[in-house]
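Chemist: Give me coordinates for this.
(2 chains)
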Amino acid sequence: MKILVVDDEQDIRFLFEQKFRREIKSGTVNFSFAYSGHEALEYLHENSQKAVLILSDINMPGMSGLELLKKIREEKPAPPPVVMMITAYGDQQNRESAMMLGADDFLTKPLDFSQLKEKLNKMV
Amino acid sequence: MKRLIVLLIFIFFTGNLFAQYQPTNIDSLMAVLKNPPDDSVKMVALFDLTGYYVEVNRDSCRYFADQGISTAKKINQPLWVAHFLTEYQSYLAMTAGNFPLSFKLVNEALKIVQDKANEKNVYIPKQYEFTDPHKFRLSLLGYTIHQLGNIYRRAGNTEKALDYYREEISIFESLKSKAAMALVQSNMNVESIYAEKNELDSAIIYGNRALTKSEITRWKLYNGYILNILGSVYFKKNMPDSAKYYYWQGLMVSRQQKNMTTEVMVYISLATLYRNLHQPDSAKYYATMALEKSRNNELVNYISPAAQLISNAWKAQGNADSAYAYLNLSKTIGDSLSKDRYEKITQFQNLNFENQLLLEKEAQENISYKNKIRTIALIAGACLLGLLALIFYRNNRQKQKANSILEKTLADLKSTQSQLIQSEKMASLGELTAGIAHEIQNPLNFVNNFSEVNAELISELVDEVDKGNYDEVKLIAKDIKENEQKINNHGKRADAIVKGMLQHSRKSTGQKELTDINALCDEYLRLAYHGLRAKDKSFNAKFETDFDESLPKINVVPQDMGRVILNLINNAFYAVNEKANSLMPDAESYDPTVVVSTKKIGDRVEIKIKDNGNGIPSAIKDKIFQPFFTTKPTGQGTGLGLSLSYDIVKAHGGEIKVETKEGEGTEFVIQLVV
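Modeler: Sure thing, here's the model as predicted:
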């Protein structure tokens, strides 16, 4: 399963690679990383093999996660990817905005990877 | 009989100009005075004695006049009081040049003689021309008016003098007086005035009248004077022979009458005549006579003109030295006389006869009224004073009240100001909280997750050790180490954020510390950005940094300078956000950007915060650093941000400038000394 992780925190890559080291080794998941909304869009445009799941932070410089979500929903890539937004704890406003824009799910910081893994398992 | 004649002479003597008396009768007068049959006789004797001394001894004259007045008052003879006042007191004052006093005294006399009631019980010596009280009073009125004419004449008001003299003449004419010397004098005085006015024919008429009256009244004492004037009239008419005739007549009469004054006057007239006839020797002769006689008899008024004439004569004869000597004498005496005379006349001219009379009349009539008014005024004044005191007291009270209100207001304002400054601080902190939450959650996310990962990795490590798979163990150990490093980094990051937040909310210590301006800018830029993003989901802007890595640490109060930077960055983001929101959907693409840059310029550190918002309208550009000035909607801005920033930068000895272009953006530049 191809997953695109969008976050301006570059350490997110190491965290995911560590957390999913077994899954990566086994080839069940394949992570790509983008560090801004623009990079994410570029990735989506350039790669023919589309990501099934997009995990995106909201607060990012330049294009925010919500804008990225909006663009994705506007561009309607086929098949439509599952978009999960990563929001700060208790950030109800952003959650509602994301729902309106067509987010599929939420993850709350600090990320609970066991919870994330459960969700991925359901998707698979 | 002889004594009677002398008495008559004294009684009608008006004291004018040049009275001269033989001292022969003084002894008999003194005898009367020593042992008077009654006070009335004593009073008349005093009057006669005073008349004798008027040209002989002024002090004696004054003494006897005072005695006479007190005697007249004692036996209730007001008309006699007036008589003394007019004939002596006023006359003495006049000849002494004290016109105001003379005028005052004659007016007192006038009031008395105008009152018919004073005729009652008046004492009139049998030998007097007018024994009827009414006629007696009118004759005194005539003398009084005569004295008024004299004063005006001496003071130079000839018109008024003429009026009085004519009035006097008509009084004595109506009395059909045959003895009144005043008739001679008044006609003579009118003659003299007309001569001065160059109404020569009138002068001749009055001169001849005076001579006629002197024949009738047998008063020839003044004939020398009358003739002298007639001579000068003919002199003016350019008839020197007639002039010479009258002058000679005058000289003879004067010598006959032993009238020194008229004799001197005639000498001067003759000297003048001969001077004009170009006969300097004769002129010098008569002028010298005049000078000698006037010197010997203390007739000071004639010394100066006599000396002048002698000087002229010497000059005409070419003797400059003598001419100069006499000219000097003339001038010295003339100057001192004219100065004194000028001062006295000025005093007199300040008085107005009619006004004086009116005022005095009113003064008497209104004396009780004035007293009443004074009392009322006093009460009113006291009331007014009380009122004023009350008003002042009230004013003072009100001022004190106002002062205490002002002091309270000032205290309130000070406390409000500090509250506002605090709320400005808290407002900017509030804007930060969301950003802070985000900023903290991110490192916390890593700390938690990496530590979880490490826990997992360690159990894996144990498994691999058990398997003896040491290559894998080494790889895992390496990952653990890296993660540990990341945990440490993110932990420190969270720590820094919390510290920064505390620093911002904390009161400034006021202590300067060596501060990394780049780090300070970066920290607050991020806080501001994320804060705004958290607050307004639609907010979207780009920020860029361009930090000069060679920037040295500089001594600033970090909390204060951080607040300045935060403020400017917040404003910049606000500006670009405003512009983005105001743009039409179909407008050209707009890339809201805030650039924070630092640079070292010489001994200065420059911080620039630039945005591409709408810029500041030039109309308000000068106001932006003023306290409470804000363009933000009510409740959104305190209007203190830039004002405080300005104060802080100034307190650091730095400068803050703004460069802005409407529609293109704004750049704030802070320069701080290294």
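Chemist: When you work out contacts or count neighbours from here on, use the C-alpha atoms and nothing else.
Modeler: Will do.
Chemist: tell me the phi and psi of residue B:605?
Modeler: Here is the backbone geometry of residue B:605 (degrees, to the nearest 10): phi -110, psi 130.
Chemist: For beta bridges, what are the partners of it?
Modeler: Beta bridges link residue B:605 to residue B:600, residue B:672, judged by DSSP bridges.
Chemist: State whether it and residue B:556 are indeed in contact, as I suppose.
Modeler: No. When contacts are counted by C-alpha atoms under 8 Å, residue B:605 is not listed as touching residue B:556 (11.6 Å).
Chemist: Would you mind listing what in the stretch 451-600 of chain B touches chain A?
Modeler: Residues of the stretch 451-600 of chain B found near chain A (C-alpha under 8 Å from any C-alpha of the partner chain) are B:453, B:486, B:530, B:533, B:534, B:537, B:540, B:541, B:542, B:543.
Chemist: for the first one, what are its contacts?
Modeler: The neighbourhood of residue B:453, defined by C-alpha atoms under 8 Å, 6 or more residues apart in numbering or on different chains, consists of A:15, A:18, A:19, B:483.
Chemist: Take those residues and keep only those in helices.
Modeler: The helices, defined by DSSP state H, take in A:15, A:18, A:19, B:483 from the contacts of residue B:453.
Chemist: Give me the below-cutoff pLDDT ranges for the stretch 151-300 of chain B.
Modeler: B:179-180, B:298 (pLDDT under 70).
Chemist: rerun that using 90 as the cut-off
Modeler: For the stretch 151-300 of chain B, the stretches with pLDDT under 90 are B:151-190, B:192-193, B:196-198, B:209-225, B:240, B:252-264, B:277-282, B:284, B:288-289, B:291-300.
Chemist: before we move on, which element is whichever residue of the stretch 1-150 of chain B sits closest to chain A in?
Modeler: Going by C-alpha to the nearest C-alpha, chain A is nearest to residue B:100 of the stretch 1-150 of chain B, at 108.9 Å. Assigned by DSSP states H and E, residue B:100 belongs to helix B:99-114.
Chemist: Can you name the secondary structure element that comes next after the helix or strand harbouring residue B:514?
Modeler: Here residue B:514, judged by DSSP H and E, is contained in strand B:513-515. Sequence order places helix B:517-535 as the next helix or strand after strand B:513-515, per DSSP H and E.
Chemist: From the contact counts, what lies against that next one?
Modeler: Helix B:517-535 is packed against helix B:367-467, helix B:558-582, strand B:593-601, with contacts defined by 3 or more C-alpha pairs under 8 Å, 6 or more residues apart in numbering or on different chains; DSSP states H and E.
Chemist: let's see 6 Å
Modeler: helix B:367-467 (3 or more C-alpha pairs under 6 Å, 6 or more residues apart in numbering or on different chains; DSSP states H and E).
Chemist: With adjacent residues omitted, what lies nearest to residue B:493?
Modeler: residue B:443 (6.6 Å; C-alpha to C-alpha, 6 or more residues apart in numbering or on different chains).
Chemist: quick one: residue A:50 is in a strand?
Modeler: No. Counting by DSSP: H, G, I helix; E, B strand; the rest coil, residue A:50 is not part of a strand but coil.
Chemist: quick one: it from residue A:76, how far?
Modeler: Distance from residue A:50 to residue A:76, counting by C-alpha to C-alpha, to the nearest Å: 12 Å.
Chemist: Also residue B:487?
Modeler: 38 Å.
Chemist: same question, residue A:116
Modeler: From residue A:116 to residue A:76 the distance is 25 Å (C-alpha to C-alpha).
Chemist: got it, and residue A:120?
Modeler: 22 Å.
Chemist: Now do the same for the closest residue in space to residue B:670 that isn't next to it in sequence: its pLDDT.
Modeler: Excluding its sequence neighbours, the residue lying closest to residue B:670 (C-alpha to C-alpha, 6+ apart) is residue B:656, at 4.5 Å. pLDDT recorded at residue B:656 is 92.
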